[in-house]
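> Provide a 3D model corresponding to the input given below.
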Amino acid sequence: MSPEDNQLELLATLRDLAAFRYSLRKFLRFSEQAARAAGITPQQHQLMLGIAGFSQTGTANISELAEFLQEKHHSVIGLVERAEQGGLVERQPDPDDGRAVRVSLTPRGRKILAGLTQLHKEEVSRVRSGMLRMQNADKVQR
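Here you go, the predicted model:
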């Protein structure tokens, strides 16, 4: 491959990465605004997603949530406490480990998450379509 071809490939890769990063950031901004419009913080929305979907059980312990959120254990405890005060989640002792707790959504939390999930499903579809259009346009240019 010639140096010119290498340079063209590098530029195409940079364009792809920039477009991908731009799409991700737009999606994240949409998600943050949707959470706030629903009356919760973006972090609470992520917490609720982790509880409802990450463990596949509808409950999660603090360690699972810390992994999902990529946060420190003590930070997640604070987030859970604030979400509990807001009526979004509840904690119960873990039946298998007396030292741990399981966190689950309250009916209010499930309702808010269901509404946000529908909005996000529609936005993911739009983002996916836009990425496919960019990808197809890039193939035509090459």
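> need the helix or strand of this structure with the lowest average pLDDT.
Every helix and strand of the chain was ranked by mean pLDDT, DSSP states H and E. The lowest is helix 107-141, at a mean of 83.
> residue 89: what's it in contact with?
Residues near residue 89 by CB atoms under 8 Å, 6 or more residues apart in numbering: 47, 48, 51, 80, 83, 103, 104, 105, 106, 109. C-betas here are computed from N, CA, C, even on glycine.
> helix or strand right after the host helix or strand of the first one?
Applying DSSP states H and E as the criterion places residue 47 in helix 42-49. Using DSSP H and E, the helix or strand that directly follows helix 42-49 along the chain is strand 59-60.
> does the residue lying closest to residue 62 once chain neighbours are set aside count as helix, strand or coil?
Excluding the flanking residues, the one nearest residue 62 by CB to CB, 6 or more residues apart in numbering is residue 76, at 5.4 Å. When classified by DSSP: H, G, I helix; E, B strand; the rest coil, residue 76 comes out as helix.
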